[in-house]
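Asker: Kindly generate the corresponding structure for this input.
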Amino acid sequence: MVIDFAQSISGFVVGGIVGLTGVGGGSLMTPLLVLLFGIHPATAVGTDLLYAAITKSGGTVVHARKGHVDWRIVRLLASGSLPAAAITLFTVHQFAPGGLGGASKTITFALGIALLLTAISLLFRNQIRSFSTSHDPDAVHHPVYTVITGAVLGCLVSLSSVGAGALGVTALFFLYPRLPAIRIVGSDLAHAVPLTLVAGIGHWMLGSVNWQLLASLLVGSLPGIYIGSHLSSHVPEKVLRPLLALMLILVGTKLIVF
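Answerer: Here you go, the predicted structure:
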C-alpha cells in the first residue's frame, strides 16, 4: 500500500486542528478531500467515517477510564443514530440513481448544510447552553428527545461524515445543560465511535471506502492530534473557534453552490 505524502500532510494539519479545538475532523477532512484532492464525495465520506472511528476510539478510552462518559446518554443517542444511519444508507443506495456513487450532489449538499450548522454551533454554543440552563431542565431531559437527536445525527453523519463532533456536543449542551462539560464531551465522543463505525462499514459494503487514502490520512493525523493536544493549552479558544467557524462557513457555502 503506497502512502500519499500530500494526503498525510493534510491529515497532519487536520489532526492538529482537532487536537487544538476538539472539533473539526469530519468538518475539515471531508471537504478537503473533495475540493483539494478531487475525491468522489461518497468515497470521501465513507473513508472519513472509518478514519473518525479509529481516531476517536483512543479518546473514548481515556474519557471512559476517567469516568467522563454517561453511558445512559450514549445508549439513548445510539438507539436513534445507528438505525437512522443504516436506513439512510440503504435508502440512498436503493433509490438514488447509481446508488451512493450517483448521489454525489445530494451528499455534497448535505455536507455543506452540515458545515454551516457546525459553524453556528461553534459560534453560539455558550448562548445555547445559557438558554437551556435558564429553562426547566426537566422539559428537555426526556429520553425521547435524546433518541430523536441521535436519529438526526445518524442521518446527517452517514451522508456527510459531519455532525458527530460539534453538532453532537451542542445538542447535548442543550438537552443536559447541568451536566459537566467534560461529561458532555466524553459522552459525545463515545457515541461518535459506534456511529462512525457503523456508517463507515455501511459505506465500505457499498464500495465507497478508499483504504490507501485511509492509511495515508492516519499516518499524518495521529501525530497531528498528539501535537495539537499538547499545544491546546497555549492557544486561546476565543481565537481558534471564530476562525474555525469562519472557515466552515466559507467551505460549506462553496459546497452548497458547488
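Asker: contact partners of stretch 105-116?
Answerer: 27, 30-31, 34, 41-42, 45, 92, 96, 100, 156, 159-163, 167, 248-249, 251-256, 258 (Cβ atoms under 8 Å, 6 or more residues apart in numbering). Just so you know, the C-beta spots here come from the backbone N, C-alpha and C atoms, and that holds for glycine as well.
Asker: now with 7 Å?
Answerer: With contact meaning Cβ atoms under 7 Å, 6 or more residues apart in numbering, stretch 105-116 is reached by 27, 30-31, 34, 41-42, 45, 96, 156, 159-160, 162-163, 248-249, 251-253, 255-256, 258.
Asker: for it, which positions count as buried?
Answerer: The neighbour-count check on stretch 105-116 (16 or more other Cβ atoms under 10 Å) flags 106-116 as buried.
Asker: dump the residue contacts of residue 202.
Answerer: Neighbouring residues of residue 202 by Cβ under 7 Å, 6+ apart: 85-86, 89, 158.
Asker: okay if I get those as a markdown table plus distance to residue 173?
Answerer: Formatted as a markdown table, those follow (distance: Cβ to Cβ, whole Å):
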| residue | distance to residue 173 |
| --- | --- |
| 85 | 22 |
| 86 | 27 |
| 89 | 28 |
| 158 | 23 |
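Asker: closest to residue 11 among the residues you listed?
Answerer: residue 158 (21.9 Å; Cβ to Cβ).
Asker: For the helix or strand hosting that closest one, give me every contacting residue.
Answerer: Taking DSSP states H and E as the definition, residue 158 sits inside helix 143-160. Applying Cβ under 7 Å, 6+ apart, the contact partners of helix 143-160 are 30, 45, 73, 76-82, 84-85, 88-89, 107, 110-111, 114, 162-164, 167-168, 171, 175, 195-196, 199, 202.
Asker: State the mean pLDDT of that helix.
Answerer: The average pLDDT for helix 143-160 rounds to 91.
Asker: how far off helix 143-160 does the next helix or strand after it point, in degrees?
Answerer: Using DSSP H and E, the helix or strand that follows helix 143-160 in sequence is helix 166-175. With axes from the mean of the first three to the mean of the last three Cα atoms, to 10 degrees defining the directions, helix 166-175 sits at 170 degrees from helix 143-160.
Asker: So which bits of the helix or strand following helix 166-175 are buried?
Answerer: Using DSSP H and E, the helix or strand that directly follows helix 166-175 along the chain is helix 181-205. Using 16+ other Cβ under 10 Å as the test for burial, helix 181-205 gives 183-203.
Asker: then stretch 166-174 to PDB, C-alphas only?
Answerer: Extracted in PDB, the C-alpha atoms of stretch 166-174 (Å, rounded to 0.1, in the frame of the first residue of the first chain):
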ATOM      1  CA  ALA A 166     -19.500  19.900  17.300                       C
ATOM      2  CA  LEU A 167     -23.200  19.300  16.500                       C
ATOM      3  CA  GLY A 168     -23.400  16.400  18.900                       C
ATOM      4  CA  VAL A 169     -21.800  18.400  21.700                       C
ATOM      5  CA  THR A 170     -24.000  21.400  21.100                       C
ATOM      6  CA  ALA A 171     -27.200  19.200  21.200                       C
ATOM      7  CA  LEU A 172     -26.100  17.600  24.400                       C
ATOM      8  CA  PHE A 173     -25.400  21.000  26.000                       C
ATOM      9  CA  PHE A 174     -29.000  22.000  25.100                       C
END
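Asker: Check the offset of that stretch from the chain's centre.
Answerer: Remark: stretch 166-174 is offset 11 Å from the chain centroid, using Cα atoms, centre = their mean, to the nearest Å.
Asker: and if you look at stretch 125-135?
Answerer: Computed by Cα atoms, centre = their mean, the separation of stretch 125-135 from the middle of its chain amounts to 22 Å.
Asker: Give me the buried positions along it.
Answerer: Within stretch 125-135, the residues scored as buried using 16+ other Cβ under 10 Å are 125, 128-129, 132.
Asker: What about those residues, which are in strands?
Answerer: Among these, none falls in strands (DSSP state E).
Asker: Perfect, I'm done here.
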